[in-house]
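In: need coordinates for the following:
(2 chains)
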Number of protein chains: 2
Amino acid sequence: MSNSLKKNCYNITNKMSFTITHKDKHTKARIGILKTKSGDIETPFFMPVATKATAKFIDTKQLEELAPAIISNAFLLSLRPGVEIIRRFKDIKKFMNYNGIIFTDSGGFQMYSDYLYIKSDEKGVYFRNPISGEKIFMTPEKNMKIQLDINADVAMCLDVMPLYKDSKEDIKKAVELTINWAERCKKEHNKLQNKILKNNRQLLFCISQGGIHEDLRKFCIKKLSEIDFDGYAIGGIALPKALYGKEIGKAKKLEQQSIITHKKYSPENKPCYLMGEGDPIWLLEAIALGVDCFDSRYPTQSARRGTIFTKNGKIKILNKKYEYNKAPLEKNCRCFVCKNYSRTYVRFLLRENEPVGKELASYHNVYFMKWLIEEAKKHIKKNNLKEFLGMMKKIYEK
Amino acid sequence: MSNSLKKNCYNITNKMSFTITHKDKHTKARIGILKTKSGDIETPFFMPVATKATAKFIDTKQLEELAPAIISNAFLLSLRPGVEIIRRFKDIKKFMNYNGIIFTDSGGFQMYSDYLYIKSDEKGVYFRNPISGEKIFMTPEKNMKIQLDINADVAMCLDVMPLYKDSKEDIKKAVELTINWAERCKKEHNKLQNKILKNNRQLLFCISQGGIHEDLRKFCIKKLSEIDFDGYAIGGIALPKALYGKEIGKAKKLEQQSIITHKKYSPENKPCYLMGEGDPIWLLEAIALGVDCFDSRYPTQSARRGTIFTKNGKIKILNKKYEYNKAPLEKNCRCFVCKNYSRTYVRFLLRENEPVGKELASYHNVYFMKWLIEEAKKHIKKNNLKEFLGMMKKIYEK
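Out: Numbering: from 1, shown residues only, chains lettered A, B, ... in the order given. Okay, here's the model as predicted:
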């Protein structure tokens, strides 16, 4: 690369990577276009989780039918098959043959995996490679290198997610470390991107933490917003759910408060990504608060456990009442599962713990998420998301 | 139904259900057409096992791409979802939405399931329903009723399969009971078919036993051949494999001896079904001995364990040497797995115990079986199956 080109590339952030094309008049919802090196994607969108370069029970050709983007886990992939193998395929997209947009999570979340995590300090995280037994010291810098080598379209900063049992003091420390690591990630990412032509550059999103503490969330996102990331994610929403699992209303209120605070202090013209949300209603409500992007294992995990999402609410397909029911999982659904199979058959397979049952239920639930997002977008464009949300809430809460 | 029609139907066996259309000049192999109430099927053919109305990791729309026929287990289906549920879908075909030919096995094989079997006597078999705890007395008559109610295209007689540890005396008893039960099955089946219009009638195949004892096998098949079944299956081939698992040549010789004896004393103009054979070479050799029909879980089970079938032999995909190998599982294979995925990716998923890995490997192996049978048929038609078999043996035994 010539020196002048190098100069041009260096420190150019992807300022133009996100364009808002429509704003709903009655909520904070918006439609946008996120430009990535693999193509453009309309927001809002939902990503099925493909942790180890695969979703559970859904192959990547099916994923292409179901979702414009997925999220994988860079850290786990660096353990197996290893970055070198993926590099030899050029990138994770070629490795798994998924022709959509690929996000990678840093793997910071794996801090909470007992069989991987050893300890962490200000410099980074110590993990144990469960395969080789080898100790791994993961730093923000190393993590950026991994995500760039894997060559995802969008990388996530290495963050520190507080646990629900943590004191406010501990959460404050996690927030400080998250900010510090985000700075280091950005710096390293910029440095490494230097070698890459503008059109091939990876986007980098940061993640705000702060648990259920509004002051910490505010502090975190304000600090992160001083750095020019391509997107701003909201992390740690598992926390209110863990704390107030049974008081679901309280958990939702806290999650929404986090979104509001995060949105208030983050750049309006950047995509907002709510990590880990896959409940149909909570997701719609988050869209109405201005969230552009989601990921979750909830739709596939629910499917495997027999909870089917439909336009008419959730169905517990294992219930006796579906033992004989010739209808498809969802009436008028156009997915291949609903075109071909009855509730009876899917229920029977799930009860028998047959893998095909899990395949069919998972496919349908992710198809439903695609439908839900498409409907939300239509309503945003017509400025009546509020009505759609109201209607869906009524159905889902009945 | 009018009385005259009843008279016409009664005791009409499906004499015309099998037509041999070509005989190989240098082996005993043949091409035929088996007529069933759901349509015609060219022999030889291979059936993936769909015990509980599903194959493992392959849905029924995929099965339609891969195989003209499958085999389910009538007894297990009668426990769950129960005959009544299936009847309300009209038949097992509608229940699982598989538009090919469906065989059902009686479930006699389940005698060897410790958690189901209690005891048996001359009248029938006592099972324990593992769900309800209820004791079930299964007779040949009841079994025919189940298979007719489920409405498979081809039913199998309830037989008694000897175990490898059984003495010759015990195997003799099993043979005698198998013959006696086959008679009872035929009688009951005829009686029940009485109510069904000719074009909707189910075929009934019997099963010869005799273990590795030629005299017993001969005695069994001779007796069975005195009864006019629609097909004659060879049972108990797991026996030589269990006895001589490591001395594979010995096991194969014994299996082939059973086929030769069975064929010698069974009607030439009826289909011959070798139950449980799915090894590519053993299957080809059986075709050369005049076998028309096969089923086995071996291709899918092997796939899940990392053994991939190809035109160039079996591949142990978990071997380190495939860690980086961009080639498809099989070069020039036209299945969707080989069109889309690398050995590296499938290996990685299998190693990670990811369900999609099992899906992809299973699909490929069953596709290979389809290819193998198609090739065998082409070579039979050209009278050079022997050369094809010789070539495949060389490849597989190298």
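
In: would you mark the buried spots in stretch A:20-36?
Out: Neighbour-count burial for stretch A:20-36 flags A:D24, A:T27, A:K28, A:A29, A:R30, A:I31, A:G32, A:L34, A:K35, A:T36 (criterion: 16 or more other CB atoms under 10 Å in any protein chain shown). For the C-beta atoms, the positions are set from N, CA and C on the backbone; glycine is no exception.

In: got a list of contacts for that stretch?
Out: Outside stretch A:20-36, the residues that touch it by CB atoms under 8 Å, 6 or more residues apart in numbering or on different chains are A:14, A:16-19, A:40-44, A:101, A:153-154, A:203, A:231, A:263, A:269, A:271, A:287-290, A:292-293, A:376-377, A:379-381, A:383-386, A:389.

In: what residue ranges in chain A score low on pLDDT?
Out: The model of chain A has pLDDT under 70 over residues A:1-15.

In: now with 90, please.
Out: Where chain A drops to pLDDT under 90, the residues are A:1-16, A:107-121, A:127-133, A:161-166, A:194-199, A:237-248, A:397-398.

In: flag every residue of it that's near chain B.
Out: Within reach of chain B by CB under 8 Å from any CB of the partner chain, chain A has these residues: A:52-61, A:80-81, A:85, A:88-89, A:95-97, A:323-324, A:326, A:336, A:340-342, A:344-345, A:348-349, A:351-352, A:354-360.

In: what's the neighbour count on A:H379?
Out: For A:H379, the count of nearby residues is 22 (other CB atoms under 10 Å in any protein chain shown).

In: so who does it touch?
Out: Residues near A:H379 by CB under 8 Å, 6+ apart: A:D24, A:L385, A:E387, A:F388.

In: from the residues of chain A next to chain B, which would you call buried?
Out: Listed as buried from the residues of chain A next to chain B are A:52-60, A:80-81, A:85, A:89, A:95-97, A:323-324, A:336, A:340-342, A:344-345, A:348-349, A:351-352, A:354-360; burial here means 16+ other CB under 10 Å.

In: which of the contacts of stretch A:20-36 count as buried?
Out: The neighbour count (16+ other CB under 10 Å) marks A:14, A:17-18, A:41, A:43-44, A:101, A:153-154, A:203, A:231, A:263, A:271, A:287-290, A:292-293, A:376-377, A:379-380, A:384-386, A:389 as buried among the contacts of stretch A:20-36.

In: which ones among those lie within strands?
Out: Cross-referencing the buried ones among the contacts of stretch A:20-36 with the strands (criterion: DSSP state E) gives A:F18, A:I41, A:T43, A:I101, A:V154, A:L203, A:G231, A:C293 as the overlap.

In: show me the strands in the stretch 1-150 of chain A, by range?
Out: Ranges of strands within the stretch 1-150 of chain A are A:18-23, A:30-36, A:39-43, A:45-48, A:69-73, A:101-105, A:117-120, A:125-128, A:135-138, based on DSSP state E, counting those that start in this stretch.

In: just give the nearest non-adjacent residue to A:E122, would you?
Out: When the adjacent residues along the chain are set aside, A:E122 lies closest to A:L177, with 6.5 Å between them (CB to CB, 6 or more residues apart in numbering or on different chains).

In: tell me the secondary structure of the one you found, please.
Out: Counting by DSSP: H, G, I helix; E, B strand; the rest coil, the backbone at A:L177 sits in helix.

In: measure it to A:I207 for me?
Out: Plainly put, A:L177 is 12 Å away from A:I207 if you go by CB to CB, to the nearest Å.

In: give me the more crowded residue out of those two.
Out: Summary of the neighbour comparison: A:L177 and A:I207, criterion other CB under 10 Å, with A:I207 having more neighbours (30 against 20).

In: so the more buried one touches A:L274, yeah?
Out: No: counting by CB atoms under 8 Å, no contact exists between A:I207 and A:L274, whose distance comes to 10.6 Å.

In: tell me, what's touching the two both at once?
Out: Shared contacts of A:I207 and A:L274 (CB under 8 Å, 6+ apart): A:A233, A:I234.

In: tell me the contacts of A:Y112?
Out: A:M161, A:L163.

In: that one and chain B, how far apart?
Out: When distances are taken as CB to the nearest CB, to the nearest Å, A:Y112 and chain B turn out to be 20 Å apart.

In: which residues of the stretch 201-350 of chain A fall in strands?
Out: Residue ranges of the strands in the stretch 201-350 of chain A, as given by DSSP E, counting those that start in this stretch, are A:203-208, A:231-234, A:272-275, A:293-296, A:307-310, A:313-316.

In: can I get these in a markdown table including distance to B:V125?
Out: Conversion of the strands of the stretch 201-350 of chain A to a markdown table gives the following (distance: least, CB to CB, whole Å):
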| stretch | distance to B:V125 |
| --- | --- |
| strand A:203-208 | 61 |
| strand A:231-234 | 61 |
| strand A:272-275 | 56 |
| strand A:293-296 | 49 |
| strand A:307-310 | 38 |
| strand A:313-316 | 36 |
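
In: out of those strands, nearest to A:G124?
Out: Shortest distance between A:G124 and the strands of the stretch 201-350 of chain A, using CB to CB, is found for strand A:203-208: 16.1 Å.

In: CA atoms only: put the closest one into PDB for me.
Out: In PDB, the C-alpha atoms belonging to strand A:203-208 read as follows (Å, rounded to 0.1, in the frame of the first residue of the first chain):
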ATOM      1  CA  LEU A 203     -17.300  -1.900  11.800                       C
ATOM      2  CA  LEU A 204     -16.800  -1.700  15.600                       C
ATOM      3  CA  PHE A 205     -19.600  -1.400  18.100                       C
ATOM      4  CA  CYS A 206     -19.000  -0.700  21.800                       C
ATOM      5  CA  ILE A 207     -21.200  -1.900  24.600                       C
ATOM      6  CA  SER A 208     -22.600   0.100  27.500                       C
END
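
In: can you name the residue of the stretch 201-350 of chain A nearest to chain B?
Out: Using CB to the nearest CB, the closest approach of the stretch 201-350 of chain A to chain B is made by A:F348 at 4.8 Å.
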